[in-house]
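Asks: would you be able to build a 3D model of this:
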Amino acid sequence: MTRKLKVAVVGLGVGRSHILDGYLPNKDRFEVAVLCDRDEARLKACGEEFAIGNLVTEYDALLGMEDIDIIDVCTPPGTHKDLILAALKAGKHVICEKPLVGSLADIDDMLDAESRSTGRVMPIMQYRYKEGVQKARRLIELGIAGKPYLATCETHWHRTSEYYEKPWRGNWEDALGGTLMNHAIHTNDLLFYLLGPVRSLFARIATRVNRIEVEDCASVSVELTCGAIAAVTATTGSIDEVSRIRLCFENVTIESDSRPYCRPGAADWRFTPANDAVAEEIEKALADFTPPPLGFAGQMQDFHRAICNKTPLPVTLADARQSLDFATACYWSAKTYSAVALPIMADHPFYNGWQKAF
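Replies: Just a heads-up that it's a prediction; the model follows:
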């Protein structure tokens, strides 16, 4: 019999999406038992929508609820660290939306806290749970794709001033960063997920689209540890919205669907083989492929399995650290007009964050 884990969802903006797309498809694995939000009207509306009667406005109330297994943090990024550390101290498992925190020092503190807690932390990286991504990863891992040459990674979205009427979205303290941290983070994670870690980069950022503190345009030249080079670009000033990854390998070119948001990774990725023999290898490799549940549903399913079986989490704090390492290097490169080698170490000027430097 499957053990049900009880969840408290905190922050009912994206938290509502977690319920709809993550927990309800896994209702035999999870029970959303408590909702928490300081907006009482939104709290009441979500409680009625999902027939959840336990509604609280104060986060601390969740920490003493012994029957709660998981706290799902969906609040603005600047609040994440304190909420996660409090949950770990209380022995709760944590699921948290991106970006996790705003410095490598913060995530190292979190790794230390996790090592001393019975709770574990899973950052949300739901783009990995798409059919196209999993097919691409299989071809790469089996060696069919061959030597990686070059990649492009585009997150070109459209955001008007109305989007920034929630003031936390446009400032360094609350949002922790701009389009690199809050829009491109998922697409960029797919680049690392498929090609591995970054060795070095050179970045430019600018604020050209809206009157905000943080960057809304970015261009990064990347060298990966595997030897491939990549161009990563992001903006909130694209009228035609695109999220796209294109990977050029020795034996196959892999290209994602270009539609934005959760679309990168969907079933209609293109795999262009070098010749008929490679095409046959691809067909054989994917003949028995079974796609995972999409998006939040797939990640929550694997999280449940990992917690109940005490196996590695599907996405870890180490994965989130890799994304944060990339962002830290980007901001330092843009600030100093210099190439940056990764990983960033504790003696780096931006190890404790970059938010006060811009």
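Asks: in the biggest helix by length in the chain, what's buried?
Replies: The residue-count maximum for a helix in the chain (DSSP state H) belongs to helix 317-336. For helix 317-336, a neighbour-count test (16 or more other CB atoms under 10 Å) marks 317, 319-334 as buried. C-beta: built from backbone N, CA, C; applies to glycine.
Asks: which residues sit against the next helix or strand after that helix?
Replies: Past helix 317-336, heading to the C-terminal end, the next element that is a helix or strand (DSSP states H and E) is strand 340-341. Contacts with strand 340-341, where a contact means CB atoms under 8 Å, 6 or more residues apart in numbering, come from 199-203, 329-330, 332-333.
Asks: neighbouring strands for strand 340-341, and are they parallel or not?
Replies: Next to strand 340-341 in the sheet, as set by DSSP bridges, lie strand 198-206 (antiparallel).
Asks: tell me the strands beside whichever helix or strand comes after the partner strand, with direction?
Replies: If you walk from strand 198-206 toward the C-terminus, the next helix or strand you reach (DSSP H and E) is strand 217-224. Take DSSP bridges as the rule and strand 217-224 pairs in its sheet with strand 198-206 (antiparallel), strand 229-235 (antiparallel).
Asks: shaky segments in the stretch 1-150 of the chain?
Replies: Under the criterion pLDDT under 70, the flagged ranges of the stretch 1-150 of the chain are 1.
Asks: for the stretch 251-358 of the chain, what spans make up the strands?
Replies: 252-255, 270-273, 340-341 (DSSP state E, counting those that start in this stretch).
Asks: deepest-packed of the ones you listed, please.
Replies: By mean neighbour count, with neighbours taken as mean count of other CB atoms under 10 Å, strand 252-255 ranks first of these at a mean of 20.
Asks: which strands and helices lie in contact with that one?
Replies: Using 3 or more CB pairs under 8 Å, 6 or more residues apart in numbering; DSSP states H and E as the contact criterion, the elements in contact with strand 252-255 are helix 131-141, strand 237-249, strand 270-273.
Asks: need these in JSON lines (columns: distance to Leu88).
Replies: Below are those laid out as JSON lines (distance: least, CB to CB, whole Å):
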{"stretch": "helix 131-141", "distance to Leu88": "29"}
{"stretch": "strand 237-249", "distance to Leu88": "32"}
{"stretch": "strand 270-273", "distance to Leu88": "41"}
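Asks: and Trp354, which of those is closest to it?
Replies: If you check each of the helices and strands packed on strand 252-255 against Trp354 by CB to CB, strand 237-249 wins as the nearest, at 22.0 Å.
Asks: how does the protein divide into domains?
Replies: 5-125+297-316, 127-291 (automatic domain parsing).
Asks: just the strands in the stretch 1-150 of the chain please.
Replies: Applying DSSP E, counting those that start in this stretch to the stretch 1-150 of the chain gives strands spanning 5-10, 30-36, 55-56, 70-73, 93-96, 121-123, 148-158.
Asks: what sits against Thr316?
Replies: For Thr316, the residues meeting the contact criterion (CB under 8 Å, 6+ apart) are 121-123.
Asks: can you tell me which of these is nearest Cys74?
Replies: Within those, proximity to Cys74 (CB to CB) peaks at Pro123, which comes in at 12.2 Å.
Asks: what is the neighbour count of the closest one?
Replies: Applying other CB atoms under 10 Å, we find 29 residues neighbouring Pro123.
Asks: make TSV from the strands of the stretch 251-358 of the chain and add distance to Pro167 to it.
Replies: Compiled in TSV, the strands of the stretch 251-358 of the chain are given as follows (distance: least, CB to CB, whole Å):
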stretch	distance to Pro167
strand 252-255	37
strand 270-273	41
strand 340-341	30
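Asks: re earlier: of all the strands paired with strand 217-224, which lies closest to Leu24?
Replies: For the strands paired with strand 217-224, the distance to Leu24 is smallest for strand 229-235, at 31.3 Å, taking CB to CB.
Asks: what comes up buried for the closest one?
Replies: Under 16+ other CB under 10 Å, the buried positions of strand 229-235 are 230, 232-235.
Asks: okay if I get these as CSV plus pLDDT and distance to Thr57?
Replies: Listed next are the buried residues of strand 229-235 as CSV, based on pLDDT from 0 to 100; distance: CB to CB, whole Å:
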residue, pLDDT, distance to Thr57
Ala230, 98, 44
Val232, 98, 40
Thr233, 98, 41
Ala234, 98, 35
Thr235, 98, 37
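Asks: would you format those as a markdown table with distance to Glu114 included?
Replies: Compiled in a markdown table, those are given as follows (distance: CB to CB, whole Å):
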| residue | distance to Glu114 |
| --- | --- |
| Ala230 | 30 |
| Val232 | 29 |
| Thr233 | 33 |
| Ala234 | 29 |
| Thr235 | 34 |
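Asks: skipping adjacent residues, who's closest to Arg42 in space?
Replies: Leu12 (5.3 Å; CB to CB, 6 or more residues apart in numbering).
Asks: that neighbour and Glu48, how far apart?
Replies: Relative to Glu48, Leu12 is positioned 12 Å away (criterion: CB to CB, to the nearest Å).
Asks: who has more neighbours out of those two?
Replies: Neighbours per residue (other CB under 10 Å) separate Leu12 from Glu48, with Leu12 holding more: 25 against 11.
Asks: contacts only, for the more buried one.
Replies: 35, 37, 39, 42-43, 46, 74.
Asks: ChimeraX command for the buried members of those?
Replies: Selecting just the buried residues from the contacts of Leu12 in ChimeraX takes one command, with 16+ other CB under 10 Å as the test:
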select :35,37,42,43,46,74
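Asks: take the contacts of Leu12 and keep only those in helices.
Replies: Assignment to helices by DSSP H places the following of these there: 42-43, 46.
Asks: between those residues, which is closest to Ala87?
Replies: Minimum distance to Ala87 across those is 19.2 Å, recorded for Leu43 (CB to CB).
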